[in-house]
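S.K.: Got a predicted structure plus its sequence, pasted below:
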Amino acid sequence: MIKYLFFLIPFLTFSQIDFFKYSTLYTSMNIGTSMTEDEDYISIAKGYEDVTQVNPFDYNLTIGLRKLARWGHQYKVKTWYYGDESNYTDQATIGNATGWEYLLNYSFIRNRGDKYTEQNFWLRYLGKSCVTRLEYRDNQRVDLRYISFDTRYRISKGNFDFTFGGVFRIHNPYGFVPIRDFWIQGEQSFRQLAQDFGYSNEFVNGSWHWFKGDELLATSNDEFYKHYFGQAIADFNTQELDKLGMQKEVSFVLGSTYYKYTSKHWVHIWASLMPFHYGLDEYSYEYGESLLNRLEWDAGGVLGLRVNKHLGLFVEGVHQKVWGKEVFDIKFGFNYLIY
């Protein structure tokens, strides 16, 4: 996998180290108090029990390696690079320098008790008439995981860049809900499904008690199905999707980039459109019939305006639509300097 490039660095020869010249290897750890949850109680044996979730501290451990040419509107990092900065232009198709550029970023995160990772690794070669990019992304926060190989022909006209070509992608099986699509009602009851995933029940004093191992979870069917059965369904969905494995497809891609920078204003806008796809596996994503339903994109922009020596405005963000998922991050605002 691409992420194992980290471990190859010590074995590089001196000539190969030129590939890493002007790159930055970074790591950072952020620890903080987690959110205090609303109080929560359940009724048990004519009383109640406090089941309020108490979160451990949040953390974010990030390790990375990057080599990217800065754009005119970007300030040089003068102290430290933490790896959690929102540099939206890192996702643009065209960089600000020809040759090799790359970003390898791995984050271990715990937020409100939930643990997950975010992995973003890509390697890009930009030539005068071509651009090729290899990428691996695993964003567990939004359940988006894929590998892509994107190669395009490039045409430059003034402040514009136009690209077209193909992209080969390997991704998780999206668009399926196994409990809805694969589970056949009547062949297996919900009770049997729960038992398959480690839940057990016992009839005690006129009602069903439910257990997970030796732990008592619920003292009635209503309580179990309301508060705990959803996890059994989630486990079933995960198990069935894992059986399908990663799916492969190829897509036609068109791209456009516009960049202009002055000391008073700057505009950097990019978009990649994928209107046609061909699935290579049985469970490749099923697109709709219309062009709008088939259309996927990866777009972003950075706009800044210095109105006068006091006031500045900015709008920045990215928006990605792939396999029925929309992932976006946008920020905007103003700065007013008071003398």
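M.R.: Looks like it came in fine.
S.K.: C-alpha only now, for contacts and for neighbours.
M.R.: Noted.
S.K.: which non-adjacent residue is nearest R141?
M.R.: Of all residues not flanking R141 in the chain, Y116 sits nearest, at 6.8 Å (CA to CA, 6 or more residues apart in numbering).
S.K.: Next up, the contacts around the one you found.
M.R.: By CA atoms under 8 Å, 6 or more residues apart in numbering, the contact set of Y116 is 108-110, 140-141.
S.K.: buried subset of the residues you listed?
M.R.: Buried subset of the contacts of Y116 (neighbour count, 16 or more other CA atoms under 10 Å): 109-110.
S.K.: just curious, which of the contacts of Y116 is nearest to L337?
M.R.: Nearest to L337 among the contacts of Y116: I109, at 35.7 Å, using CA to CA.
S.K.: still on that earlier bit, is it correct that the residue nearest to R141 falls within a strand?
M.R.: Yes - under DSSP: H, G, I helix; E, B strand; the rest coil, Y116 falls within a strand.
S.K.: That one pairs with what?
M.R.: Using DSSP bridges, the beta-bridge partners of Y116 come out as I109.
S.K.: which ones are touching the residue lying closest to D50 once chain neighbours are set aside?
M.R.: Distances taken as CA to CA, 6+ apart place Y41 nearest to D50, at 4.6 Å, with adjacent residues excluded. For Y41, the contacting residues are 48-52, by CA under 8 Å, 6+ apart.
S.K.: Give me the buried subset of those residues.
M.R.: Counted by 16+ other CA under 10 Å, the contacts of Y41 give no buried residue.
S.K.: Closest to Y153 out of those residues?
M.R.: T52 (56.3 Å).
S.K.: Considering the contacts of Y41, which is situated nearest to V167?
M.R.: Closest approach to V167 among the contacts of Y41 (CA to CA): T52, at 47.3 Å.
S.K.: so who does that closest one touch?
M.R.: By CA under 8 Å, 6+ apart, the neighbours of T52 are 37-41.
S.K.: Check L144 too.
M.R.: L144 sits in contact with 137-138, 172, where contact means CA under 8 Å, 6+ apart.
S.K.: looking at the sheet around the spatially most central residue of the chain, what are its partners?
M.R.: Nearest to the geometric centre of the chain sits N139, at 3.0 Å (CA atoms, centre = their mean). Under DSSP bridges, the beta-bridge partners of N139 are E118, L144.
S.K.: For it, give me the pLDDT.
M.R.: In this model, N139 is scored at 92, pLDDT.
S.K.: isn't it right next to F121, touching?
M.R.: No - between N139 and F121 there is no contact under CA atoms under 8 Å: 11.2 Å.
S.K.: Mind checking what helix or strand follows the lengthiest helix in the chain in sequence?
M.R.: In the chain, taking DSSP state H as the definition, the longest helix is helix 229-244. Note on helix 229-244: by DSSP states H and E, the next helix or strand toward the C-terminus is strand 247-261.
S.K.: now the contacts of L144 as CSV including distance to F276 and neighbour count?
M.R.: As requested, the contacts of L144 are exported to CSV (distance: CA to CA, whole Å; neighbours: other CA atoms under 10 Å):
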residue, distance to F276, neighbour count
R137, 22, 19
D138, 24, 18
N172, 19, 21
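S.K.: State the distance from the residue nearest to the centre of the chain to T117.
M.R.: N139 sits 7 Å away from T117, going by CA to CA, to the nearest Å.
S.K.: ok so, going back, return the list of helices and strands in contact with the longest helix of the chain.
M.R.: The helices and strands touching helix 229-244, judged by 3 or more CA pairs under 8 Å, 6 or more residues apart in numbering; DSSP states H and E, are helix 178-181, helix 190-196.
S.K.: can you give me the helices for this structure?
M.R.: Secondary structure of the chain (DSSP H): helices at 14-17, 178-181, 190-196, 221-227, 229-244, 291-294.
S.K.: still on that earlier bit, now, which of the contacts of T52 sits nearest S129?
M.R.: Nearest to S129 out of the contacts of T52 is E37 (CA to CA; 54.1 Å).
S.K.: Surely that closest one touches V54?
M.R.: Yes - counting by CA under 8 Å, E37 does reach V54; the two are 7.0 Å apart.
S.K.: Neighbour count: the two, which is higher?
M.R.: Neighbour comparison, E37 and V54: the larger count goes to V54, with 14 against 11 (by other CA atoms under 10 Å).
S.K.: Which pLDDT does the model give that one?
M.R.: If you check V54, the pLDDT there is 86.
S.K.: I'd say it and D40 touch.
M.R.: No - counting by CA under 8 Å, V54 sits too far from D40 to count as a contact (10.6 Å).
S.K.: Flag the shaky bits of the stretch 1-150 of the chain, pLDDT-wise.
M.R.: Scanning the stretch 1-150 of the chain for pLDDT under 70 picks out the ranges 1-17, 45-46, 76-86.
S.K.: That one: strands as residue ranges?
M.R.: Assigned strands in the stretch 1-150 of the chain, in chain order: 24-32, 41-44, 47-50, 58-67, 99-111, 114-126, 130-139, 144-157 (criterion: DSSP state E, counting those that start in this stretch).
S.K.: Columns distance to A234 on top of those, output as CSV?
M.R.: Below are the strands of the stretch 1-150 of the chain laid out as CSV (distance: least, CA to CA, whole Å):
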stretch, distance to A234
strand 24-32, 30
strand 41-44, 23
strand 47-50, 25
strand 58-67, 25
strand 99-111, 20
strand 114-126, 16
strand 130-139, 19
strand 144-157, 17
